[in-house]
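A.B. asks: Pasting a predicted model and its sequence here:
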Amino acid sequence: MNCAEIYRQKNYSLSILNQAFNDDSGSWWWWTNIIGILTFGLIGLSGNLICFLVICRFSLFQHSFVEYLRALAFFDFFALFYECLQSLNDLFIYLFSKNFLNFRFSFICKFYDYTKHSIILLSCWTIVGLTIDRLILVCNPWSKKWPNLSRRLCNRYCAKCIILIFVFFSLLINLPQLIYKEWICRPTGFQYSAMFHNLNQTKNIQYKQICSCRVSPLLNSNKMKFFIFWNNYIFHLLFYTLIPAIILIGSNAAILKRLHAPRQIISQQNEHIRSKLTITLTLVSLIFLILYFPYAIVQTLSYFIIRYYQSHCNISLILSLHKLKRLSELLNIAALCINFFIYILGVNHYRSSTIKMLGLHHFEIFQKYLIIDQQKNLDTTNKFIEKQNSKIFTQTDSSNTKLLKVTSSSHGVYSTSSIYNNRLSKEF
């Protein structure tokens with residue numbers, strides 16, 4: 001018995017079938033997802049933009065972690081941009097039946113999906129690169145054989161090379177998005193989904209056309225199987241979930257163990273700064289791990305449960321997976337926008353630089369959060385301004401000073417008259 005017959009016997013409504021197999025627009029979990037993505041997205045876009053500008057203007061560029069943070073802010077910004085754009089498009093389709101992501105041509109939609117998935121993968125692997133960089137510097141596993149190897153590996157030049165390698169592999173891994181997807185229009189409704197594309201037993205109801213970037217239905221079975229295998233196992237399971245998660249869990253465990261182990265303190269101030277920076281960057285990695293991977297795990301589990309446990313006809317399970325995907329996607333978005341607040345709270349230099357860049361250092365309430373060097377510069381600037389103002393005030397007073405001129409007449413009578421100084425007389 002196929003799924004269509006099972007659904008007919010259980011008398012499922014059209015709305016339930018549409019939510020399960022076609023579009024869950026209008027459901028409470030859909031609205032939660034849309035509102036959450038737009039809210040977190042706007043916060044994250046502004047935060048990552050500020051992070052990128054602060055790191056470019058005020059950072060010490062000889063450090064390797066600066067390159068990773070700058071790349072992370074860049075990739076997170078565009079990942080959030082794509083997510084917000086897609087959510088706005090879904091909202092416009094639901095409210096106004098307007099699709100402003102109507103690419104019309106396949107090569108445009110291919111490029112759009114290709115760049116979107118590449119940037120999403122880069123955002124994940126940049127965190128991995130940052131974590132490995134901290135692991136080498138903190139744990140220094142080759143200190144006995146090669147004492148200076150960690151410094152040679154963890155520098156600005158190597159960080160740039162590693163980021164370029166990540167970019168190359170991300171573009172390479174996502175090539176199937178560029179090859180097999182097409183701009184396809186089909187009627188909406190569950191009976192036109194992949195589950196029902198070979199079945200004609202369902203009731204024929206006319207729906208509006210909806211267009212999106214999908215896998216081409218003209219692909220032969222071998223190419224279709226390859227794309228499904230690549231999408232489910234290569235991209236989502238291997239490179240998006242398992243490998244990054246294993247690296248992040250192992251690296252952060254080693255870093256935290258090293259930080260809590262007793263070690264010789266060479267300089268108390270340098271040790272404090274080093275430990276605080278390392279803890280902040282480790283916290284970035286841990287929070288990313290906690291917030292980012294539930295969505296990938298739910299998405300991967302849904303493939304296995306539906307495919308291997310013969311649950312593709314279980315409507316309640318499919319709807320539960322839809323809800324988990326929508327809600328866990330909010331955690332994914334939160335992971336992309338929270339880094340700015342971690343930098344601001346954890347690193348005094350970035351907090352002070354952000355206050356200065358936004359012009360908030362002119363307000364007394366923010367001046368206490370400036371680092372000592374910037375406070376001294378601010379005090380010097382204020383003293384210079386006060387000195388210039390006092391000079392202008394002194395010159396203004398002297399220009400208005402009156403001089404008394406005493407003159408005598410031929411009759412022996414003395415008289416006085418007021419004159420201004422030379423500058424004032426010249427003005428008149």
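C.D. replies: Structure's in. What do you need?
A.B. asks: Just the residues contacting stretch 42-58, thanks.
C.D. replies: Under the contact criterion Cβ atoms under 8 Å, 6 or more residues apart in numbering, stretch 42-58 has outside partners 66, 69-70, 73-74, 76-77, 80-81, 84, 333, 336-341, 343, 349-350, 353-354, 356-358. Yep, even glycine has a C-beta here, placed from its N, CA and C like the rest.
A.B. asks: Out of these, which end up buried?
C.D. replies: Applying a neighbour-count criterion of 16 or more other Cβ atoms under 10 Å, the buried members of those are 66, 69-70, 73-74, 76-77, 80-81, 84, 333, 336-340, 343, 349-350, 353-354, 356.
A.B. asks: where along the stretch 251-400 of the chain do the helices fall?
C.D. replies: For the stretch 251-400 of the chain, the helices defined by DSSP state H, counting those that start in this stretch occupy 268-308, 315-337, 339-346, 348-357, 364-367, 372-399.
A.B. asks: Going by mean pLDDT, which of those comes out lowest?
C.D. replies: Taking the mean pLDDT of each of the helices of the stretch 251-400 of the chain, the lowest value is held by helix 372-399, a mean of 58.
A.B. asks: Tell me which stretches of this structure form strands.
C.D. replies: Assigned by DSSP state E, the strands in the chain fall at 181-187, 209-215, 402-408, 414-420.
A.B. asks: Tell me which residues are up against the second one.
C.D. replies: Yep, that's strand 209-215 we're talking about. The set of residues external to strand 209-215 that reach it, using Cβ under 8 Å, 6+ apart, is 93, 99, 102-103, 109-110, 112-113, 180-188, 224, 227.
A.B. asks: For it, which strands pair with it and how are they oriented?
C.D. replies: With DSSP bridges as the criterion, the sheet partners recorded for strand 209-215 are strand 181-187 (antiparallel).
A.B. asks: follow-up on the earlier one: list only those of the contacts of strand 209-215 flagged as buried.
C.D. replies: Judged by neighbour count, with 16+ other Cβ under 10 Å as the criterion, the buried members of the contacts of strand 209-215 are 93, 103, 109-110, 112-113, 180-184, 188, 227.
A.B. asks: Sort out which one of these lies nearest R152 for me.
C.D. replies: Distance ranking of the buried ones among the contacts of strand 209-215 against R152, using Cβ to Cβ, places D113 first at 39.0 Å.
A.B. asks: from memory the closest one sits against K181, does it?
C.D. replies: Yes - the pair D113 and K181 passes the contact test of Cβ atoms under 8 Å, sitting 5.8 Å apart.
A.B. asks: Provide a list of residues in contact with the residue lying closest to F226 once chain neighbours are set aside.
C.D. replies: Across the structure, with Cβ to Cβ, 6 or more residues apart in numbering as the measure, the residue nearest F226 apart from its sequence neighbours is P176 (7.8 Å). Neighbour list for P176: F226, F227, W230, N231 [criterion: Cβ under 8 Å, 6+ apart].
A.B. asks: Tell me if I'm right that the second one and Q177 touch.
C.D. replies: It refers to F227. No - under the criterion of Cβ under 8 Å, F227 lies out of contact with Q177, with a separation of 9.3 Å.
A.B. asks: domain assignment for this structure?
C.D. replies: 3-361, 371-427 (automatic domain parsing).
A.B. asks: weakest of those by average pLDDT?
C.D. replies: Mean pLDDT per stretch puts domain 371-427 lowest among the domains of the chain, at a mean of 53.
A.B. asks: gap between the residue nearest to F226 and M224?
C.D. replies: Distance of P176 to M224, given as Cβ to Cβ, to the nearest Å: 11 Å.
A.B. asks: Same question for F81.
C.D. replies: Taking Cβ to Cβ, one finds F81 at 31 Å from M224.
A.B. asks: What distance do you get for the residue nearest to S87 when sequence neighbours are not counted to L175?
C.D. replies: Using Cβ to Cβ, 6+ apart and skipping residues adjacent in sequence, the residue nearest S87 is I37, 4.5 Å away. For I37, the distance to L175 (Cβ to Cβ) stands at 27 Å.
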